[in-house]
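Student: A structural model of the following input is requested.
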Amino acid sequence: MYKSFLIFLLLFSVSAWSKTQIATFAGGCFWCMEAPFEKLIGVENVISGYAGGKISKPTYKMVSIGQTKHREAVQVHYDHSLTSYERLLEIFWMNINPTDKGGQFVDRGFQYSSAIFTHDKEQDKLAKQSVQFLLKSKKFSTIETPIITYTNFFPAEEYHQDYYRKSIVTKAKYKYYRNASGRDDFINKHWQTGDRFSWGESYKRLSLNQLKDKLTALEFQVTQKEGTEKPFTNQYWDNKKEGIYVDIVSGEALFSSKDKFKSGTGWPSFQRPIYANQIIEKKDDKLFQERIEVRSRLANSHLGHVFYDGPAPTKLRYCINSAALKFIPKEKMKKLGYGKYLERL
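Tutor: The predicted structure is shown next:
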């Protein structure tokens, strides 16, 4: 009941929350599409439901036998200052079989076929770009996933919401179904954890030998070997100057001094990145607990981790190694080509 009430509020009140945007994707079984999106920083809720059909208030029974022309879908509510539609598109493509127009994995029929439902012209443009990037990658020779103008979405029954984590029983059923479906085998064959699209950037990554020449031993250890520098003795943990922090390898702008705060941890801490699409999250369970590693998009540098114990408004703490960063002071930003970021200070 609580989740149903939350869904109601999100569907009918989300327009009043300026930072919240909505994306809608069909990728076969909606149980399997909730989890990948809910793991992203900035995603506020993911709702399982039915999209694009011809009748109102469809039921699972009606949709599952193909009566209504709906697809099983998920609707993603996200803070666009913390994650981006581009990142959602990446996650979508990396969790489906885009060459299958007859369903997804063991689930067959139109109701399980994939689709991207775009809510505005910008989403439509980015979705079409993502198709071209995917084809350019040559991972797939054809893409059968259509891009469709959004018309409707109806939340599925309560027992379908967050099925993958609702109870011990549903967790077990979900795990069995997912393993047997072939979805994970397909994903593991085509993608690696942390993969991302280039989105047209021209940056050419350096070889390890080139990086060893470019970086200090500590910078190399942190950015390339996922190392962690010592707290309180690193370069920027208590830096209070105005400016931006860029990737030590590529120079891509990552964080603003405006979003830096004193966390008491001994490492530079930020509430958010300058732009949501510049940070990639990756699951990290090396210390026997699941953490979220953050990496830079272009150089793929290890930066640090993000935690949910920061101050308002984001309540996030991007805990970043100084050795992964280079600080550009405000007075030098324009001269060094970072003038467009002055508005973020």
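Student: Now for Ser81, how many residues are close by?
Tutor: Using other C-beta atoms under 10 Å, Ser81 has 18 other residues around it. The C-beta positions use only the backbone N, C-alpha and C, and glycine is treated the same way.
Student: List the contacts of the nearest residue to it once chain neighbours are set aside.
Tutor: In space, and not counting its chain neighbours, Ser81 is closest to Lys19: 5.5 Å by C-beta to C-beta, 6 or more residues apart in numbering. Contact partners of Lys19, counting by C-beta atoms under 8 Å, 6 or more residues apart in numbering, are 79-81.
Student: likewise Phe270?
Tutor: 245, 255-256, 259-261, 317-318, 320.
Student: circling back: looking at the contacts of Lys19, which is nearest Tyr176?
Tutor: Asp79 (33.6 Å; C-beta to C-beta).
Student: and which of the contacts of Phe270 is nearest Ile41?
Tutor: Each of those was checked against Ile41 using C-beta to C-beta; the closest is Tyr318, at 9.0 Å.
Student: Counting by contacts, list what the helix or strand where that closest one lies packs against.
Tutor: Counting by DSSP states H and E, the element that carries Tyr318 is strand 317-320. Strand 317-320 sits against strand 253-256, strand 269-270, strand 302-307, with contacts defined as 3 or more C-beta pairs under 8 Å, 6 or more residues apart in numbering; DSSP states H and E.
Student: Ile279 bridge partners, please.
Tutor: For Ile279, the beta-bridge partners are Ser296 (DSSP bridges).
Student: So it sits against Glu293, correct?
Tutor: No: with contact defined as C-beta atoms under 8 Å, Ile279 does not count as touching Glu293 (10.4 Å).
Student: Give me the more crowded residue out of the two.
Tutor: Ranked by neighbour count (other C-beta under 10 Å), Ile279 and Glu293 place Ile279 first, with 24 against 19.
Student: Could you check the pLDDT of that one?
Tutor: Reported pLDDT at Ile279 in the predicted model: 92.
Student: Over to the one 5 residues further on?
Tutor: The predicted local confidence for Asp284 comes out at a pLDDT of 78.
Student: Show me where the stretch 201-345 of the chain has its helices.
Tutor: For the stretch 201-345 of the chain, the helices defined by DSSP state H, counting those that start in this stretch cover 208-214, 217-225, 330-333.
Student: quick revisit: can you tell me which of the contacts of Phe270 is nearest Ala115?
Tutor: Among the contacts of Phe270, Tyr318 lies closest to Ala115 (C-beta to C-beta), at 33.7 Å.
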